[in-house]
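> Structural data only, the sequence is not supplied:
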């Protein structure tokens, strides 16, 4: 899989394939359905399957105050799409010039000239061009004029609701990482840098890594079971998000206890997959009560992560 960040670097060998355009935040099961149809169209063209996405999302430039926190960063998104079998991903560097392109110019300059697409696959709520002036009907007209194939993929439902990045974002905000995992193609993941904390956890026998510089949506306060990735290797983990009221520490933190792990990782990046929410944050009457609960949290984390596929 190729990750392309500049259109000037777009390989000629990738031209003439099938293309889909969108944000693909989180890479959920609805996105997987689009990719499935994209690959089918690419095989009909005897060409490549290409996902065109944006870095950053256009809303971050147009209406930064309305920009929701992302569910994935670009390289993670590329990895998830590659796992679905996409041949190439364009992470287009969004800027003012790009946002000024009308829908016709976008179609002619990007889709036709730069990528040379022979087929397009989109969802029914697709908009493109300056001020979102182009829609699916516009796209149908342009494709008919150029002889380009177009397939519209209807969104899919689970539990009576459409799967969308917004729905997943709301679940994660509520701490419902298990239900969110059912809608995603992989468990929800965050990344951050390990920074020095109070070392209070180590003093009571449960050392934690304090995570900072997290650039995606942080789940609701609570204790979670998951996997921690250090240097690409997976370890079981219990994650505390929120404060530590037992010690009158009201700072909001993300603390990760990596099971069966003793190496120092201060100043290093790690990634965390969330499998299930275990409990709320509580204030305990004593350090001993907290220690007993932390031991139970670890046992619960081992139980719920047993047999989970890790990538």
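Alright, I've got the coordinates. Predicted model, so just to flag it, every value in this text is computed and none were measured.
> Show me what stretch 58-78 is in contact with.
With contacts defined as C-beta atoms under 8 Å, 6 or more residues apart in numbering, stretch 58-78 is touched by 1, 3, 24-27, 53, 55, 57, 80, 89, 91, 94-96, 98-99, 165-166, 168-169, 172, 188-189, 191, 215-218. For glycine as for every other residue, the C-beta is placed from the backbone atoms N, C-alpha and C.
> Can you tell me which of these are classed as buried?
Buried subset of these (neighbour count, 16 or more other C-beta atoms under 10 Å): 24-27, 53, 80, 89, 91, 94, 98, 165, 168-169, 172, 188-189, 191, 216-218.
> so who does residue 135 touch?
Counted by C-beta under 8 Å, 6+ apart, residue 135 has contacts 126, 127.
> So it versus residue 62, what's the distance?
Distance from residue 135 to residue 62, counting by C-beta to C-beta, to the nearest Å: 17 Å.
> Which ones among the contacts of stretch 58-78 map onto strands?
3, 53, 89, 91, 188, 189, 191 (DSSP state E).
> longest helix in this structure, by residue count?
helix 287-305 (DSSP state H).
> and it, how far out from the chain's middle?
How far helix 287-305 lies from its chain's middle: 28 Å, per C-alpha atoms, centre = their mean, to the nearest Å.
> So which elements touch it?
strand 222-230, strand 233-244, strand 269-279 (3 or more C-beta pairs under 8 Å, 6 or more residues apart in numbering; DSSP states H and E).
> Take these and write them to CSV, including mean pLDDT.
Converted to CSV, the helices and strands packed on helix 287-305 look like this (pLDDT from 0 to 100):
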stretch, mean pLDDT
strand 222-230, 96
strand 233-244, 92
strand 269-279, 97
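> can you tell which of those strands is closest to residue 85?
strand 269-279 (21.4 Å; C-beta to C-beta).
> tell me the angle the closest one makes with helix 287-305.
With axes from the mean of the first three to the mean of the last three C-alpha atoms, to 10 degrees defining the directions, strand 269-279 sits at 100 degrees from helix 287-305.
> Buried ones in strand 269-279, by neighbour count?
In strand 269-279, counting by 16+ other C-beta under 10 Å, buried: 270, 271, 272, 273, 274, 275, 276, 277, 278.
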